[in-house]
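Participant: Just a sequence and a predicted model for now, questions to come.
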Amino acid sequence: MAETNRRRAVFVTGAASGIGQSCVNLLAANGYTVFAGVHRPMALDSWAPSPDSGRIIPIVLDIRFDEDVRQAFDAISRQLSDLDLIGVVNCAGVSFPGPLERVEPSEMLDMLNINVVGQLRVVQAYLQLLHASNGRIVMIGSTSGIIPGVFTGAYSASKFALAGITDVLRAELAANRIGVSIVDPGMIGTPFWEKTIDRVATLLAHPRNGHLNNGTDAALAGWQQRIVKLADNAADPGLVARCVLHALTAKRPQTRYIVGTKAKLKLLIWKFLPEILKDIVIRRSLSGSRSPSEN
């Protein structure tokens, strides 16, 4: 990154809670001015301010829309007279869990717009500023973007796509000295899992086309129960934030960060499994066994 005496700034999307909020607080504590992107003004009501909140500037935008991203860019640009934007951290993301046979196409399109297209929309908007600062781009992926899981198939698809975009961006932007990394958390303690549990409860309460009797819902109910238990012991989102900080500041950042010892071990084993065994592992959730990718 370019040496400068000017103050450094980072733009973080999905900053209202969870991983995004942890990233904002850690970056602010390390002296960065942080533009904290939130989906809607009311999201700020749940904001847990840090002692460094004076360095945090909320920016309201919905990354699904070109105009929102453009207006956010204009608002940030007006505040960069004594700042260099040295990083963009894409934390925004959603999930619609459930059997793929019951995922509404409209929901799938909305999720892909947020988890994939919206990420690219944000990156494209800030590339000129990142060129000027030799800045960094950090995507928040998931181990579900490496190990697909039953009932998280739609979410896995979006994270596989995000990983592909990240790899290509890193290659295409290397000549411009813009670093691009992806951070893949395992199960992290955030409101994401409360929303997942509530979504599954809704699916089970309103079965479609008699699905309640075909065995899938029984497996889904068992999966939900395991998620409830696992969420109680999920890792601290601060672990992800520290990886993001390293990706933004290290002389040689990693291209991919796996968060959590358990996640690293799972992925190592997965890497060497033959395809036939991978299929068996994925199917285990349908018979009540543990999912290979509850993250």
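Facilitator: Okay, I see it.
Participant: Not counting stretch 151-166 itself, show me its contacts.
Facilitator: Residues lying outside stretch 151-166 but in contact with it, judged by CB atoms under 8 Å, 6 or more residues apart in numbering, are 93, 95-100, 103, 107-108, 111-112, 115-116, 119-120, 139, 141-142, 144-149, 180-182, 184, 200, 219-220, 223, 285, 291, 293-294. Heads up, the C-betas are built off the backbone N, CA and C, glycines and all.
Participant: So which residues of the stretch 51-200 of the chain form helices?
Facilitator: Counting by DSSP state H, counting those that start in this stretch, the stretch 51-200 of the chain forms helices over residues 66-77, 105-112, 118-133, 153-173, 191-205, given from the N-terminal end onward.
Participant: Relative to V228, which of these is closest?
Facilitator: Comparing these against V228 with CB to CB, the closest turns out to be helix 191-205 (6.0 Å).
Participant: What about L85, how many residues nearby?
Facilitator: As a burial measure, L85 scores 22 neighbours (other CB atoms under 10 Å).
Participant: same question but for G149, I mixed them up
Facilitator: By the measure other CB under 10 Å, the count of residues near G149 is 21.
Participant: Hmm, it is touching R284, no?
Facilitator: No - taking contact to mean CB atoms under 8 Å, the distance of 9.8 Å between G149 and R284 leaves them out of contact.
Participant: re the thing from before, now, the contacts of stretch 151-166 that are in strands?
Facilitator: Mapping the contacts of stretch 151-166 onto strands (DSSP state E) picks out 139, 180-182, 184.
Participant: Pull the most distant pair out of these.
Facilitator: By the measure CB to CB, V180 and D184 form the most distant pair in those, at 14.0 Å.
Participant: more neighbours, these two?
Facilitator: Ranked by neighbour count (other CB under 10 Å), V180 and D184 place D184 first, with 27 against 24.
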